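A.B. asks: Mind folding the following:
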Amino acid sequence: MMNVMVFDIETIPDVAAARRLNDFDGLNDAEVAEALFALRRLKTGSDFLPHYLHRICAISVVFRSRDTFKVWSLGELESDEKELVQRFFDGIDRYTPTLVSWNGGGFDLPVLHYRALKHAIAAPRYWEIGQEDQSFRYNNYLSRFHWRHIDLMDALSGYQARAVAPLDQIATMLGFPGKMGMSGAKVWDHYQQGDLKGIRDYCETDVLNTYLVYLRFELMRGNLTPEGYATECQVVRDALAGAEESHLREFLATWQAGEAQ
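C.D. replies: As a prediction, this is how the structure comes out:
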């Protein structure tokens, strides 16, 4: 298997930007966020903020190469947003992996673009479209129908908005664990409570679900044989069985329980 990097981000409101944009001086972070959500509900009927007002608090990845399988969250608990975004794009510059996501084209990557712009982060490999490397002219990270970035939600829905599905539902339907312990809507609450580790753990289970769906997708596309698919799933099981982190062992136990039903 070539280098594959499955990724997922978790975000919180960018309260500093919101203060500058909306004259929210004098409000604390929680009050700024509530004001932002209220304005958004008036405008759209939903709390969901525009992409440029999301600040990244966690980026988790599964990295699979010919002899490596690893799941982790970039940086440390004390790492700032700039370091997380820098590490993400540095990984692309170093390994040129196939990126895999669920709704990464619609959410994660646009947010990463805005945050890289904010922090003045260079990412030449990611933005390459053939100027320096001719192979990127016909297969790059940016074009929707190319394969250097596979947005599984987009691909499986046939790029039809009315056919999209949540990762949790698809993962659970396939016998994988699905959401564990949290949801994206609860990240801001957990962040305010100081539970950044819980957010990172939750994000890691999301990328594991995405990776397992990706393996099934590769089987469906004919890029994995049934035997190859079984082998790749076993690689994940072995890695999780040997993990020290309790949330990874819990993910494995939930997966095995689902398979036994």
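
A.B. asks: C-alpha from now on. contacts and neighbour counts both.
C.D. replies: Fine.

A.B. asks: Break down the protein into its strands, ranges please.
C.D. replies: Secondary structure of the chain by DSSP state E: the strands cover 4-13, 54-65, 68-73, 98-101, 149-151.

A.B. asks: Could you point out which of those sits nearest residue 185?
C.D. replies: For residue 185, the closest of the strands of the chain is strand 4-13, at 9.6 Å, according to CA to CA.

A.B. asks: what's the model's confidence in that closest one, averaged?
C.D. replies: Throughout strand 4-13, pLDDT has a mean value of 98.

A.B. asks: Need the contact partners of it.
C.D. replies: Contact partners of strand 4-13, identified using CA atoms under 8 Å, 6 or more residues apart in numbering, comprise 33, 49, 53-65, 97-102, 104, 108, 184, 187-188, 191, 199, 203, 206-207, 210-211.

A.B. asks: Just the C-alpha atoms of that strand, please, in CSV.
C.D. replies: Extracted in CSV, the C-alpha atoms of strand 4-13 (Å, rounded to 0.1, in the frame of the first residue of the first chain):
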residue,chain,number,x,y,z
VAL,A,4,-2.2,7.0,2.8
MET,A,5,-3.1,9.7,5.3
VAL,A,6,-6.6,9.8,6.7
PHE,A,7,-7.3,13.0,8.5
ASP,A,8,-10.0,14.8,10.5
ILE,A,9,-10.1,18.1,12.4
GLU,A,10,-12.0,19.4,15.4
THR,A,11,-12.7,23.1,15.7
ILE,A,12,-13.9,25.7,18.1
PRO,A,13,-15.2,29.2,17.4
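
A.B. asks: Listing partners with orientation, what would you give for that strand?
C.D. replies: Strand pairing for strand 4-13, using DSSP bridges, gives strand 54-65 (antiparallel), strand 98-101 (parallel).

A.B. asks: Export the ones you listed as TSV, with columns for mean pLDDT and distance to residue 80.
C.D. replies: Formatted as TSV, the strands paired with strand 4-13 follow (pLDDT from 0 to 100; distance: least, CA to CA, whole Å):
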stretch	mean pLDDT	distance to residue 80
strand 54-65	98	8
strand 98-101	98	23
